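Colleague: Quick check, what structure comes out for this input:
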Amino acid sequence: MGMFDMMSISASALSAERQRAEVTSANLANAETTHTDAGGPYVRKEVVFSASNISPFQTVFNRLGSFAHAPAGSVQLSQVVDDKTPPVMRYEPGNPDANKDGYVAYPAINPVTEMVDLMDATRAYQLNASAVGAAKQMIQESIDILKSS
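Modeller: Residues are numbered from 1 along each chain as shown. Next up, the predicted model:
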């Protein structure tokens, strides 16, 4: 594995974690949304990661002749799926979204769980950013060694 492979793997993880944070933020923002265009309460979304042989920068580097293939270990967000947990029913007879029995369907979103997911995504993003910085430093030090030779 080359140094640029390390940067490519970390770059793919940065992209995936950013998308994960966006989905989690959307869940938090819609935790009290009882009515959507689809007609029911907001449905919590979850991300699914998968290993990929396609680097997010592969097409750019292929044009430059730097990569013949994506490094093993790249990650990508393969899909965003709906959570199957049923909505939480609350008795609010005065609410315009209440059913005939006076219950309103709220999204099954636990703000504590979402905050933990958001902190996890943030920490993973920071770790991958540190890995990119370390790879950059190794490349710079290699160049400096070659200059002095």
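Colleague: What's the mean pLDDT across the helix or strand containing residue 132?
Modeller: Here residue 132, judged by DSSP states H and E, is contained in helix 111-148. Helix 111-148 carries an average pLDDT of 92.
Colleague: Just the buried residues of that helix, please?
Modeller: 114, 117, 118, 121, 124, 125, 128, 131, 132, 135 (16 or more other C-beta atoms under 10 Å). Just so you know, the C-beta spots here come from the backbone N, C-alpha and C atoms, and that holds for glycine as well.
Colleague: which residues touch the fourth one?
Modeller: Contacts here follow C-beta atoms under 8 Å, 6 or more residues apart in numbering; on that basis residue 121 touches 17, 20, 21, 24.
Colleague: doesn't residue 118 make contact with the last one?
Modeller: This means residue 24. Yes. Judged on C-beta atoms under 8 Å, residue 24 makes contact with residue 118 at a distance of 4.6 Å.
Colleague: Provide the contact partners of stretch 83-93 at residue level.
Modeller: 40-41, 43-46, 98, 102-108.
Colleague: Derive a ChimeraX selection command for the buried subset of those residues.
Modeller: Listed next is the ChimeraX selection for buried residues among the contacts of stretch 83-93, using 16+ other C-beta under 10 Å:
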select :41,43,44,45,98,103,104,105,106,107,108
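Colleague: Name the pair among the contacts of stretch 83-93 with the greatest separation in space.
Modeller: Greatest spatial distance among the contacts of stretch 83-93 (C-beta to C-beta): 46 and 102, at 30.6 Å.
Colleague: Dump the contacts of stretch 83-93 into a markdown table; add secondary structure and distance to residue 146 as well.
Modeller: Formatted as a markdown table, the contacts of stretch 83-93 follow (DSSP: H, G, I helix; E, B strand; the rest coil; distance: C-beta to C-beta, whole Å):
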| residue | secondary structure | distance to residue 146 |
| --- | --- | --- |
| 40 | coil | 62 |
| 41 | coil | 60 |
| 43 | coil | 55 |
| 44 | coil | 52 |
| 45 | strand | 48 |
| 46 | strand | 47 |
| 98 | coil | 72 |
| 102 | coil | 75 |
| 103 | strand | 71 |
| 104 | strand | 67 |
| 105 | strand | 64 |
| 106 | strand | 61 |
| 107 | coil | 57 |
| 108 | coil | 57 |
